[in-house]
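> sequence isn't available, so here's the structure alone:
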């Protein structure tokens with residue numbers, strides 16, 4: 001419960017939400033999502049986890065690996081999706097890169113996935129920069145009303 005205000009602030013920030021849904025949520029909707037566990041782990045390891053800045057003991061977003069789903073909505077064996085969602089006041093400080101590096105190691109070394117993917121909306125240049133810095137390669141670009149880059153990182157064998 002101590003993280004609800006910080007969580008809701010992020011959900012209400014149009015700059016934060018621009019590339020994840022495209023619109024800011026109302027406080028009521030954000031509180032409901034927080035209270036009803038919209039981000040519960042799919043299992044005990046693949047999930048978006050609260051990201052706490054230790055020096056401030058403050059919630060600054062969520063990062064993690066979650067299942068990579070096929071077009072039918074089923075998880076793809078040995079694959080995961082990397083995502084990071086950081087509060088605007090903490091952008092540009094390396095937190096997404098640091099979290100990404102940790103979750104990539106976790107995915108390959110602990111979970112033993114063979115491939116990690118990321119999907120980033122075209123125009124979200126800072127996230128593209130981070131994901132490429134982490135070693136991801138562009139697979140294809142999806143065009144439409146909202147266009148997306150699809151990137152991947154394969155396990156080094």
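Perfect, thanks for sending it. Since we're looking at a predicted model, the values are computed, not measured. Numbers count the residues shown, from 1 in each chain.
> is the nearest residue to residue 142 once chain neighbours are set aside bridged to anything, and to what?
Leaving out its chain neighbours, the residue that sits closest to residue 142 by Cβ to Cβ, 6 or more residues apart in numbering is residue 148, at 4.7 Å. Just so you know, the C-beta spots here come from the backbone N, C-alpha and C atoms, and that holds for glycine as well. Following DSSP bridges, residue 148 is listed with bridge partners residue 121, residue 142.
> what's the burial count for residue 148?
Each residue near residue 148 was counted by other Cβ atoms under 10 Å, and the total is 17.
> which residues does it contact?
Under the criterion of Cβ atoms under 8 Å, 6 or more residues apart in numbering, the neighbours of residue 148 are 119, 120, 121, 122, 141, 142.
> wait, the last one sits on residue 150?
Right, residue 142. Yes: here residue 142 reaches residue 150: they are 6.4 Å apart, a contact under Cβ atoms under 8 Å.
> picking that back up, got a PyMOL select line for the buried ones in the contacts of residue 148?
Only the buried entries of the contacts of residue 148 go into this PyMOL selection, using 16 or more other Cβ atoms under 10 Å:
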select buried, resi 119+120+121
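> closest one of the contacts of residue 148 to residue 16?
Closest approach between the contacts of residue 148 and residue 16, by Cβ to Cβ: residue 121, at 12.9 Å.
> please report how far the closest one lies from residue 34.
As judged by Cβ to Cβ, to the nearest Å, residue 121 and residue 34 stand 23 Å apart.
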